[in-house]
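S.K.: model this:
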Amino acid sequence: MRCMTVLILKNTPGEGPGTIEDFLARHNIRYSIIDLSSEEIPATDDFDVLVILGGPMSANDTDKIPYIKKEIELVRAFSGKGKKVLGICLGAQIMARAFGAKVYPGPEKEIGWYDIDIDDSGGTDQLMEMLAKDPETGKYLKSIKVFQWHGETFDIPEGAVRIAKSRLYPNQAFRYGEKAYAFQFHIEVREETIYAWLKTERVDMAALRRDTGLFFTQYQQRALNFYRGFFEAA
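M.R.: Take a look at the predicted model:
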């Protein structure tokens, strides 16, 4: 049986796959990371999973940044072939556009740790359930802390299911079909990356370090639980 292979697309050099790469390497899952700011997208027939990461640009910048249009096309191609797709932040917004929804500025930026609510109005999503379970107790949490860094949002595409929401941003995550997941929040972030990203932002670093100390360890474990369900079942 051929081993699964994952294609990871970076939209900017500073936003890498973080804990996704850690998981794939630890479980001997083959992957390729392409930095679209300096590299071309390879032939994709041999890849089983597509992961699109974040970036400071907009999913609407197809005229200024041609590779965003290519990413939109890849989302449609992978999904059309029944392959798995995971989009994070900008990647989620690119997925929304690929499936016919709008992307636009949100009411204000979300930077730091925020609560999101798991939306099971369309039925319980098994992978979101894995993300939402308390790693220590196994209790299913309806509200969880996630790390955010974004200023735009998206509508839920027709035919997709919203699986997370928040007060400020009602669309935090969706599933399209059974194999495509879009997360507005940064599930992949490493602890040291949080400080590197936000060192130039106007944030209360003391509060950020306090919150990261409180939330990160459990957040990382919940992310790993999601990866087990998403990648190992691909």
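
S.K.: Could you verify my assumption that Tyr176 touches Ala160?
M.R.: Yes: judged on Cβ atoms under 8 Å, Tyr176 makes contact with Ala160 at a distance of 4.4 Å. Placement of C-beta: from N, CA and C, glycine included.

S.K.: intersection of neighbour lists for the two?
M.R.: Contact criterion Cβ atoms under 8 Å, 6 or more residues apart in numbering; residues shared by Tyr176 and Ala160: Phe99.

S.K.: How far off centre is the helix or strand that contains Gly87?
M.R.: Here Gly87 sits within strand 84-88, counting by DSSP states H and E. Taking Cα atoms, centre = their mean, to the nearest Å, the mean C-alpha location of strand 84-88 is offset from the chain mean by 6 Å.

S.K.: got a list of what Met130 touches?
M.R.: Shown in contact with Met130 (Cβ under 8 Å, 6+ apart): Arg222, Asn225, Phe226, Arg228, Gly229.

S.K.: Does the last one touch Ala132 like I think?
M.R.: Right, the one you point to is Gly229. No: using Cβ under 8 Å, Gly229 makes no contact with Ala132, being 11.8 Å away.

S.K.: more neighbours, these two?
M.R.: Neighbour tally, Gly229 and Ala132, criterion other Cβ atoms under 10 Å: the higher count belongs to Ala132, 24 against 15.

S.K.: OK, contacts around that one?
M.R.: By Cβ under 8 Å, 6+ apart, Ala132 lies in contact with Ile118, Tyr140, Leu141, Lys142, Ile144, Arg222.

S.K.: Could I have the buried ones of those as PyMOL selection syntax?
M.R.: Applying 16 or more other Cβ atoms under 10 Å to those leaves a buried subset, and the PyMOL line that selects it is:
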select buried, resi 118+144+222
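
S.K.: Tell me the one of the contacts of Ala132 nearest Ile34?
M.R.: Ile34 lies nearest to Arg222 out of the contacts of Ala132, by Cβ to Cβ, at 27.1 Å.

S.K.: Could you name the helices and strands sitting against the strand or helix carrying Ile144?
M.R.: Per DSSP H and E: Ile144 is located in strand 143-154. Using 3 or more Cβ pairs under 8 Å, 6 or more residues apart in numbering; DSSP states H and E as the contact test, the elements touching strand 143-154 are helix 90-98, strand 103-118, helix 191-198, helix 205-231.

S.K.: Fine by me, thanks again.
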